[in-house]
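[1] Model the following, please.
(4 chains, ligands or ions: 8)
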4 protein chains.
Amino acid sequence: MLRILMVGDIVGRPGRMAVKQLIHPLKKKYGIDFVIANGENAAGGNGLTQEIADELLNDGIDFITMGNHTWDKKEILEFIDLEPRLIRPANYPPGTPGRGSAVVRVTKDIKVGIVNLSGRVFLPPLDCPFRTAETIMNTLLKETKIIIIDFHAEATSEKIAFGWFMDGKASAVLGTHTHVPTADERILPQGTGYITDVGMTGPRDSVLGVKADIVISKFITQLPVRFEVAAGPAQLNGVLLHINETTGKTEHIVRIQETVTT
Amino acid sequence: MLRILMVGDIVGRPGRMAVKQLIHPLKKKYGIDFVIANGENAAGGNGLTQEIADELLNDGIDFITMGNHTWDKKEILEFIDLEPRLIRPANYPPGTPGRGSAVVRVTKDIKVGIVNLSGRVFLPPLDCPFRTAETIMNTLLKETKIIIIDFHAEATSEKIAFGWFMDGKASAVLGTHTHVPTADERILPQGTGYITDVGMTGPRDSVLGVKADIVISKFITQLPVRFEVAAGPAQLNGVLLHINETTGKTEHIVRIQETVTT
Amino acid sequence: MLRILMVGDIVGRPGRMAVKQLIHPLKKKYGIDFVIANGENAAGGNGLTQEIADELLNDGIDFITMGNHTWDKKEILEFIDLEPRLIRPANYPPGTPGRGSAVVRVTKDIKVGIVNLSGRVFLPPLDCPFRTAETIMNTLLKETKIIIIDFHAEATSEKIAFGWFMDGKASAVLGTHTHVPTADERILPQGTGYITDVGMTGPRDSVLGVKADIVISKFITQLPVRFEVAAGPAQLNGVLLHINETTGKTEHIVRIQETVTT
Amino acid sequence: MLRILMVGDIVGRPGRMAVKQLIHPLKKKYGIDFVIANGENAAGGNGLTQEIADELLNDGIDFITMGNHTWDKKEILEFIDLEPRLIRPANYPPGTPGRGSAVVRVTKDIKVGIVNLSGRVFLPPLDCPFRTAETIMNTLLKETKIIIIDFHAEATSEKIAFGWFMDGKASAVLGTHTHVPTADERILPQGTGYITDVGMTGPRDSVLGVKADIVISKFITQLPVRFEVAAGPAQLNGVLLHINETTGKTEHIVRIQETVTT
Ligand SMILES: [Fe+2]
Ligand SMILES: [Fe+2]
Ligand SMILES: [Fe+2]
Ligand SMILES: [Fe+2]
Ligand SMILES: [Fe+2]
Ligand SMILES: [Fe+2]
Ligand SMILES: [Fe+2]
Ligand SMILES: [Fe+2]
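    Residues are numbered from 1 along each chain as shown, chains lettered A, B, ... in the order given. Ligands and ions are numbered 1, 2, ... in the order given. Predicted coordinates:
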């Protein structure tokens, strides 16, 4: 049985501190083979730098996915094509820097495909994630049956519909982006592990990682504010999958929610 | 200790069947004093009729809140001003039929205030829910310290910000609308019970209650479709609060997730 | 010199009455060779029926384009593949009924290409109109240099950007959808005629063709309303192009605004 | 007869150069008594500084209105409460810096009320502009019958509905924000001058003032870009009103479109 942990959007320094303290112990505790994390907010709440990607990859993260904040730190353009353990949503237009999927050798015998896609409801109009997924699956399935999709999207309708669409095709469809873990983890009838959102790895007492009073002020005054990552205890939100490496199907899915002081 | 159950958006006949089978037993099992349910999708997936309101109120629901689908069945205009156990979002403009809050006597000594508000992110531009909440709280707090807010909203940022805004003011801020239960239930530092979304009471194998293949087709083709409530097993999603009736603070919050065949 | 008239969104019966009274006289008056009209609102304000398409084609319209209301009348699915003088936005996904472009013989020697595209800002997420346009142009340019694009879009930024993108490639980029004629008609430096919006052909004293008091009530109350096409005088909004049939470039562009009693 | 010129959104240095070259001559040529301009993009394309406000007021602009870009330059917070010739949308929440309306003495006998409001369709959720307008009108009408409203909004439906709503109440409802002049200027039946959008005062060969190739690239790649104000000839878009100072009604409305090299 292959054990894969997906970690929800890592936000800023508190999120990285939670990763540093928790990932290696979690790997040992659960016998985890491979850790994927969404890193779109890892650098100060927005985007990713080379240094921070390296830090995450040193602290036990094996692979990084992104989302609508992929390009927030411009320097990603300098390393996104060089780092094989990093993907961005696959449904950006052809020609976009970086890749939208990858196949990684996890053990001598096992390869895992990872796909990153962005939803389009309440988000920018990328290419159709459903059709893009079909195309990518056709390619990846030639290499491995074990395929994990990070579906980075806002609307629950689009995420759940995509989960059903992929049922029996991908090993798992794991939502990210809303920064709130959902309690609907399940295995769909054809064997695809599913959760609407994995949640956030970052400051617990915050609004999606940002200081609450700033966000409240934004909603009430409608004036521009300057977001700051919140302080205090940090949570790690993840989902642990047990995947049958012969069938590629998920046989167990469980939420992981840990908190640390930072 | 006052025990209040909030039930997530009831969708169509399957949702009502879950209510019929589960609410009375749940009340007995947990010693629940008062059940609030979001009923905006109770009538065929959209809106509420007199007959269905009566059905829910007979089957153990004590109070009904609504949301952006309040007006989908026009006949609600005929009874919304007559039914004291029914409210719609309070931040509709002045003059809107119905009420946005109510105070209900639960026992001889205990009154509960219920408030319904709608978010504005990715939703129609109603009045500011933050400012509206402040005004309503000033009135309700004269009658009772126990106040439950159904915050019907899409964006996690707005919901969580609203939760922090109300911390120490309301007994609980319980999100509805996304039809997916979140796993972030907690008691905020000043005693307000909080969850981003209570979830849905309706057909489990569906997209927010609707047949999955119809919604998938909608996303892929972008052509109009006719939504149909899905069949199969029905889930009930709820949140159970233990509230200290002297302080009005939540002392315990737990998710309820049940499934029945329908 | 080829004279082409583009007519803005025809709304309901008043719009059709304006067409009936005005198109034949305008053709004669200006020596117009070919009339294209946006027909997405021709049937009662929403969509198009076979009968109404025939009526428009009898009353002097030579070709019909559509937009986001293409599918409002379901019966269009029965005739959209049969009517060669009707197209819908080309950036619907592959497999969508109907076509997104056409080449029409206007005189013995002259063929005109017509393309219909939808913007994506504030509109559903179809395929990228810029990339779709490039693909279609490659095909159409093999048949004719005279190509008229109806760009059905909301945001002025997307429309103007698209105009510049097509400058020197299409004969004209003519915006539709907002139902308000713009005063920015011009010939771009490489010879492409451009206007952000052609406007509306329908009841003048209205809100986009709908009775004003209904729309005002909608904005103030945020309650559902039932739109009705307004009565009273009807306007025809159009743009007349003089196109050099050898170069395919627009040499003259002028707005046409007429009003009739209906 | 009072002659008022409303100038569309001034964009960056090219827009200010057009103002500098054109406003004084236009005032003389048409006998204009009062010039209002939308200044939300006057400083480098976004927001307004004290220096630039002073420049505009020196170059013949008598009064400045704003819009959704009001707060883009933070320093406006330092002078918005001090400058009597500057307003921002009135439907920001109570407590917002600055004012949403003003009454200005134009001649010894004539006072003009100016109101700035923001639409809410495709824009942030401010307070209802319809209800806010009613409240403000009640106050202003006590001082003068001559009231000009800059309705800064995106959707044509909201703008036209607002025009009809104000017909017979305000002297004129003049739309701004889309940066494209519309050709629907008219006098509504009760005497209110109306246009959906006054247009833009800034670089003509651009996308809303921004270099076209940058905006095209944004739409095609969906990657972040850095907007730059375009160079080349600058246009001034305005609307000239003749208002009967006894009745407050508009008796004549005409578009002004001028171009200068900069
Ligand atoms: Fe994120
Ligand atoms: Fe995101
Ligand atoms: Fe709902
Ligand atoms: Fe809802
Ligand atoms: Fe239309
Ligand atoms: Fe349209
Ligand atoms: Fe502007
Ligand atoms: Fe604006």
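
[2] C-alpha from now on. contacts and neighbour counts both.
    Will do.

[3] All the helices of the stretch 101-250 of chain A, residue numbers only.
    Ranges of helices in the stretch 101-250 of chain A, per DSSP state H, counting those that start in this stretch, are A:129-140, A:156-166, A:212-221.

[4] beta partners of A:L174?
    A:D150, A:I195 (DSSP bridges).

[5] Would you confirm that it contacts A:I147?
    No - using C-alpha atoms under 8 Å, A:L174 and A:I147 do not qualify as a contacting pair, with a distance of 11.0 Å.

[6] what residues do those two have in common as contacts?
    Between them, A:L174 and A:I147 share no contacting residue under C-alpha atoms under 8 Å, 6 or more residues apart in numbering or on different chains.

[7] Highest mean neighbour count out of the helices of the stretch 101-250 of chain A?
    helix A:156-166 (a mean of 24; mean count of other C-alpha atoms under 10 Å in any protein chain shown).

[8] how close does A:G113 sit to chain C?
    Separation of A:G113 from chain C (C-alpha to the nearest C-alpha, to the nearest Å) stands at 26 Å.

[9] Please disregard the earlier target; I meant A:L141.
    Taking C-alpha to the nearest C-alpha, one finds A:L141 at 24 Å from chain C.

[10] Then A:K28 would be within a helix, right?
    Yes - counting by DSSP: H, G, I helix; E, B strand; the rest coil, A:K28 is found in a helix.

[11] what pLDDT does it get?
    On pLDDT, A:K28 comes in at 98.

[12] now the one 3 residues further on
    In this model, A:G31 is scored at 98, pLDDT.

[13] And for the nearest residue to it once chain neighbours are set aside, the neighbour number?
    Closest residue in space to A:G31, ignoring its immediate chain neighbours: A:R3 at 6.9 Å, by C-alpha to C-alpha, 6 or more residues apart in numbering or on different chains. For A:R3, the neighbour count with other C-alpha atoms under 10 Å in any protein chain shown is 20.

[14] partners of A:R3 in the sheet?
    With DSSP bridges as the rule, A:R3 is bridged to A:H242.

[15] which residues touch the closest residue to ligand 1 within chain A?
    Residue of chain A nearest ligand 1, by C-alpha to the ion: A:H177 (4.4 Å). Counting by C-alpha under 8 Å, 6+ apart, A:H177 touches A:D9, A:G67, A:H152, A:A153, A:E154, A:D197, A:G199.

[16] how about the residues you listed in JSON lines, adding neighbour count and pLDDT?
    As requested, the contacts of A:H177 are exported to JSON lines (neighbours: other C-alpha atoms under 10 Å in any protein chain shown; pLDDT from 0 to 100):
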{"residue": "A:D9", "neighbour count": "35", "pLDDT": "98"}
{"residue": "A:G67", "neighbour count": "26", "pLDDT": "98"}
{"residue": "A:H152", "neighbour count": "28", "pLDDT": "98"}
{"residue": "A:A153", "neighbour count": "24", "pLDDT": "98"}
{"residue": "A:E154", "neighbour count": "24", "pLDDT": "98"}
{"residue": "A:D197", "neighbour count": "34", "pLDDT": "99"}
{"residue": "A:G199", "neighbour count": "32", "pLDDT": "98"}
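
[17] What does the pLDDT read for the closest residue to ligand 2 within chain A?
    Distances from chain A to ligand 2, computed as C-alpha to the ion, single out A:H177 as the nearest residue at 3.9 Å. The model reports A:H177 with a pLDDT of 98.

[18] Touching stretch A:216-230 from outside, list them.
    Against stretch A:216-230 from outside (C-alpha under 8 Å, 6+ apart): A:11-12, A:44-45, A:203, A:205-206, A:209-212, A:214-215, B:128, B:130-131, B:158, B:161-162, B:165, D:71-72, D:92-93, D:96, D:124-126.

[19] taking the contacts of A:H177 one by one, which sit in strands?
    Counting by DSSP state E, these place A:D9, A:H152 in strands.

[20] which residues in chain A form strands?
    Counting by DSSP E, the strands of chain A are A:2-7, A:9-10, A:34-38, A:63-65, A:101-105, A:111-118, A:147-152, A:172-176, A:186-187, A:193-195, A:200-203, A:234-243, A:250-260.

[21] now those strands in a markdown table, with distance to ligand 8?
    Shown next, in a markdown table, are the strands of chain A (distance: least, C-alpha to the ion, whole Å):
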| stretch | distance to ligand 8 |
| --- | --- |
| strand A:2-7 | 39 |
| strand A:9-10 | 33 |
| strand A:34-38 | 34 |
| strand A:63-65 | 35 |
| strand A:101-105 | 39 |
| strand A:111-118 | 28 |
| strand A:147-152 | 30 |
| strand A:172-176 | 32 |
| strand A:186-187 | 45 |
| strand A:193-195 | 39 |
| strand A:200-203 | 34 |
| strand A:234-243 | 39 |
| strand A:250-260 | 43 |
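
[22] What's the separation between the residue of chain A most remote from its centre and C:D205?
    Within chain A, A:T221 marks the point farthest from the mean C-alpha position, 32.2 Å out by C-alpha atoms, centre = their mean. Counting by C-alpha to C-alpha, to the nearest Å, the gap from A:T221 to C:D205 is 37 Å.

[23] likewise A:L26?
    Noted for A:L26: a distance of 68 Å to C:D205, by C-alpha to C-alpha.

[24] Compare neighbour counts for these two and give me the winner.
    Ranked by neighbour count (other C-alpha under 10 Å), A:L26 and C:D205 place C:D205 first, with 20 against 16.

[25] Who's the closest spatial neighbour of that one, skipping the chain neighbours?
    Nearest to C:D205 is C:G232, by C-alpha to C-alpha, 6+ apart, at 6.8 Å.

[26] Using JSON lines, lay out the contacts of A:H177 together with distance to ligand 4.
    Below are the contacts of A:H177 laid out as JSON lines (distance: C-alpha to the ion, whole Å):
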{"residue": "A:D9", "distance to ligand 4": "26"}
{"residue": "A:G67", "distance to ligand 4": "26"}
{"residue": "A:H152", "distance to ligand 4": "22"}
{"residue": "A:A153", "distance to ligand 4": "18"}
{"residue": "A:E154", "distance to ligand 4": "15"}
{"residue": "A:D197", "distance to ligand 4": "19"}
{"residue": "A:G199", "distance to ligand 4": "22"}
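
[27] Which ones among the contacts of A:H177 also lie next to ligand 7?
    Here nothing survives when the contacts of A:H177 are matched to ligand 7 using C-alpha under 5 Å from the ion.

[28] How about the residues of the stretch 151-262 of chain A by ligand 1?
    By C-alpha under 5 Å from the ion, the residues of the stretch 151-262 of chain A that approach ligand 1 are A:H177.

[29] so which of the strands of chain A gets nearest D:M17?
    Closest of the strands of chain A to D:M17 is strand A:111-118, at 43.2 Å (criterion: C-alpha to C-alpha).

[30] got the angle between that closest one and helix A:156-166?
    Computed with axes from the mean of the first three to the mean of the last three C-alpha atoms, to 10 degrees, the direction of strand A:111-118 lies at 150 degrees from that of helix A:156-166.

[31] Which elements pack onto strand A:111-118?
    Contacts defined by 3 or more C-alpha pairs under 8 Å, 6 or more residues apart in numbering or on different chains; DSSP states H and E place strand A:111-118 against strand A:101-105, helix A:129-140, strand A:147-152.

[32] can you put those in JSON lines and add distance to A:Y30?
    Formatted as JSON lines, the helices and strands packed on strand A:111-118 follow (distance: least, C-alpha to C-alpha, whole Å):
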{"stretch": "strand A:101-105", "distance to A:Y30": "20"}
{"stretch": "helix A:129-140", "distance to A:Y30": "27"}
{"stretch": "strand A:147-152", "distance to A:Y30": "19"}
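
[33] Show residues contacting stretch A:153-168.
    So stretch A:153-168 is contacted by A:118-123, A:130, A:151, A:173, A:175-178, A:188-192, A:194, A:196, A:249, B:154-155, B:178-180, B:207-208, B:212-213, B:215-216, B:219 (C-alpha under 8 Å, 6+ apart).
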